[in-house]
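> Sequence plus predicted model, see below.
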Amino acid sequence: MINQCYNVNRSKNFVYSEVFKRKVVRDIEEGKYGVSQAMSIYGIGGSMTVYKWLSRYGTMNQAGGNMVSADESKKTEDLKSRIRYLEKIVSDLTIEKKILETTIKIAGDSYGVDLKKSIGKKSLEVFNQSKVK
């Protein structure tokens, strides 16, 4: 394919046609070429030019220098949502644990037994004796 661009005012700035830009982006996204290979094959100067085309015309998003497909982006959002859900469950369970610990402490103080440490037959005997009184 012939490089579809023209030089403006004989400077180093080239204007590339939209059809050409889309062709380059499609070739990169299909895996035919990497960015540097496409630049070399099509005679494009400056990698930022190609990255701008990718962000404007591409079906993929550039995130942190890595190309991320729309499916991967959806998976990432799903995982973030799952993390938020699990963090809420952890928060709820932490609160429930505090309530149970407080309940055990109050019950232990009421019956004079450390229920947390004295689990077993001895605790049951002390509980039954206090119940009889």
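Thanks, I have the structure now. Numbers count the residues shown, from 1 in each chain.

> When you work out contacts or count neighbours from here on, use the C-alpha atoms and nothing else.
Fine.

> To which secondary structure element is residue 44 assigned?
Using DSSP states H and E, residue 44 is not contained in any helix or strand.

> Now do it, the pLDDT please.
Residue 44 carries a pLDDT value of 88.

> need the contact list for it.
Going by C-alpha atoms under 8 Å, 6 or more residues apart in numbering, residue 44 touches residue 38.

> low pLDDT regions in the protein?
Residue ranges of the chain with pLDDT under 70: 1-12, 60-71, 117-133.

> in it, which spans are helices?
Along the chain, counting by DSSP state H, helices occupy 18-29, 35-42, 47-57, 70-111, 121-132.

> JSON lines please, covering these and showing mean neighbour count.
Output for the helices of the chain, formatted as JSON lines (neighbours: other C-alpha atoms under 10 Å):
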{"stretch": "helix 18-29", "mean neighbour count": "17"}
{"stretch": "helix 35-42", "mean neighbour count": "15"}
{"stretch": "helix 47-57", "mean neighbour count": "15"}
{"stretch": "helix 70-111", "mean neighbour count": "12"}
{"stretch": "helix 121-132", "mean neighbour count": "12"}
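
> Residue 93 versus residue 86, what's the distance?
Using C-alpha to C-alpha, to the nearest Å, residue 86 is found at 10 Å from residue 93.

> Residue ranges of each domain in the protein, please.
Domain ranges of the chain: 5-68, 83-132, per automatic domain parsing.
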